[in-house]
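> no FASTA, just this:
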C-alpha cells in the first residue's frame, strides 16, 4: 500500500512535469507563429507607407505623375508601380491642427469618418496603429512637410488594414481553440507518458525488492547453520576436534558457500553500477577453451561422465580473459552439477555470420520448457531443493549473461531433442 502511494505520487509528478513541458513548448511555438503571421501581414502595408513617405520627402517629385511618354506606351508593370496604393489615404495637416485637403479626401469620407479625427504628434516618423470610429483599423506614419512654400505642416499617410486585422482575429480564435484541444491532448499524453515512465521504475523497484529478499534469505541460511554449529561446539569445549568433525566441516562448507555468494553479489552490484570494465586482449579461441576445459575433463572422468571437445574456431578474438574464463566455468560447472553418471558434457566452437559461437551442452536432467525464459533471472532456480544440494543460489547464469552482454554478444539456452540442455553463446570477433 505504501509503495503504491509513492508510485502514484511519482506518476503525478511526472504527469505535471510533462504537462508543463508541453504547455511551455506550445506557448513559445504559438507566440512565434502569431508574431510571424502578424509581422508578415503588416509588412507589406508598412512597406507601402514608407515608400510613399520617401516619394513625399523627395524633392524630385511628389505628385505621383506618370513617367514621360504616352500612357499607352508604358508597360503594365510601369503603370502599376507609379501611383500610390488605392488603400492609402493622404492627409495634409496645417499648423493649427486642421485638415487642409478635405476636397481631395472627399466630402463623404471626411464628414463620416475624419471630422472628429485629431492630430496626434506623439509617434512622429514611426508606423503606428490606430482605429477610426472604433471600427476601422489603420496603420499610419506622420512626418513633417519639407515644402516651405505651402501651408502644410504635417503629412499623414494612412493605410486600411481591416483585412489583415480580420485574419489576425480569426487566427487568434483558431489558436485559442487549438490551445483548448492541445491542453486536453497534453493531459492525456502526459498521463500515458507518466504511466509508461513509471513502468520501468516499478519493475526495477520490484526486482530490487525481490533481489534484497532473496539475498537476505540466501545469506541468512548459511549464517544460521554456522551459528548453530558454533553454539554446539561451545557447549562441549572439552571435546576433541575429531569428535566434532562433522560440525566443523559443515560450518566450513557453509562459509565457502557464503563467500561465493558474497562474491557473486558484489560482481552483480558492480555490473549494475557500471563500475566493472573489461580488459580486452587478443585470445586464440580454441587454445583458450582447451586450457579452460582440461581440469573439468579430469573432474568429469572422476565422476564417470564423458567430457568431449569439438573445437573448430582457430581464430583470434578480442575478449577479457578473466571474464571469459569465468563464463565458461559457470556453464561447465552447471553442466557437471546437473548431470549423472554416464552422461556426457560437450564444448563446441565454430564461426557463424562473422561471430565466434561457443556451445556448452549436456545430456543431464535438462530444464522444463516453461522455465527456459527465466533461468537468467537472479536467484531463479527451477528446483530449489536440488539447487541447495548442489550449492547453487541462482546467480551464476545472471553473471554469465552479464559477461556475454558486456562483450556485445548474445546467450540463449535450448532444450536438447532427447535430454539435457545446450547454451549457445555468440561473440563478435
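Thanks, I have the structure now. This is a predicted model, so every value here is computed, not measured. Numbering: from 1, shown residues only.
> shaky segments in this structure?
Residue ranges of the chain with pLDDT under 70: 1-3, 59-85, 214, 217, 273-275, 381-393.
> where do the domain boundaries of this protein fall?
2-168, 199-273, 281-428 (automatic domain parsing).
> tell me where the stretch 51-200 of the chain has strands.
Read by DSSP state E, counting those that start in this stretch, the stretch 51-200 of the chain holds these strands, from start to end of the chain: 88-94, 128-132, 136-144, 152-160.
> buried residues in the first one?
The reference is to strand 88-94. 88, 89, 91, 92, 93, 94 (16 or more other C-beta atoms under 10 Å). C-betas here are computed from N, CA, C, even on glycine.
> helices or strands next to that strand in the packing?
Counting contacts by 3 or more C-beta pairs under 8 Å, 6 or more residues apart in numbering; DSSP states H and E, strand 88-94 is packed against helix 2-57, helix 102-105, strand 152-160.
> and the contacts of it?
Strand 88-94 is contacted by residues 48-49, 52, 84, 99-101, 104-105, 109, 114, 119, 138, 145, 151-160 when judged by C-beta atoms under 8 Å, 6 or more residues apart in numbering.
> need the helices and strands packed on strand 88-94 in a markdown table (columns: distance to residue 306 and mean neighbour count).
Listed next are these as a markdown table, based on distance: least, C-beta to C-beta, whole Å; neighbours: other C-beta atoms under 10 Å:
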| stretch | distance to residue 306 | mean neighbour count |
| --- | --- | --- |
| helix 2-57 | 51 | 14 |
| helix 102-105 | 114 | 14 |
| strand 152-160 | 100 | 21 |
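> tabulate those (TSV), appending distance to residue 404.
Listed next are those as TSV, based on distance: least, C-beta to C-beta, whole Å:
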stretch	distance to residue 404
helix 2-57	33
helix 102-105	89
strand 152-160	75
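> residue 134 is nearest to which of the ones you listed?
Proximity of the helices and strands packed on strand 88-94 to residue 134 was assessed by C-beta to C-beta; the nearest stretch is strand 152-160, lying at 14.8 Å.
> what's the closest one packed up against?
Judged by 3+ C-beta pairs under 8 Å, 6+ apart, strand 152-160 is in contact with helix 2-57, strand 88-94, strand 136-144.
> again, only this time at 10 Å
In terms of contacts (3 or more C-beta pairs under 10 Å, 6 or more residues apart in numbering; DSSP states H and E), strand 152-160 is packed against helix 2-57, strand 88-94, strand 128-132, strand 136-144.
> and of these, who's closest to residue 312?
Between the helices and strands packed on strand 152-160, helix 2-57 lies closest to residue 312; by C-beta to C-beta that is 51.9 Å.
> all the helices of this protein, in order from the start?
2-57, 76-82, 102-105, 107-109, 162-235, 245-273, 285-302, 321-337, 384-390, 396-406 (DSSP state H).
> of all the ones you listed, which lies closest to residue 128?
Comparing the helices of the chain by C-beta to C-beta, helix 2-57 comes nearest, at 10.1 Å.
> packing partners of that closest one?
When contacts are defined as 3+ C-beta pairs under 10 Å, 6+ apart, helix 2-57 packs onto strand 88-94, strand 136-144, strand 152-160, helix 162-235.
> related to what we said a few turns ago, in CSV: the strands of the stretch 51-200 of the chain, plus distance to residue 403.
What follows is the strands of the stretch 51-200 of the chain, written out as CSV (distance: least, C-beta to C-beta, whole Å):
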stretch, distance to residue 403
strand 88-94, 81
strand 128-132, 72
strand 136-144, 74
strand 152-160, 77
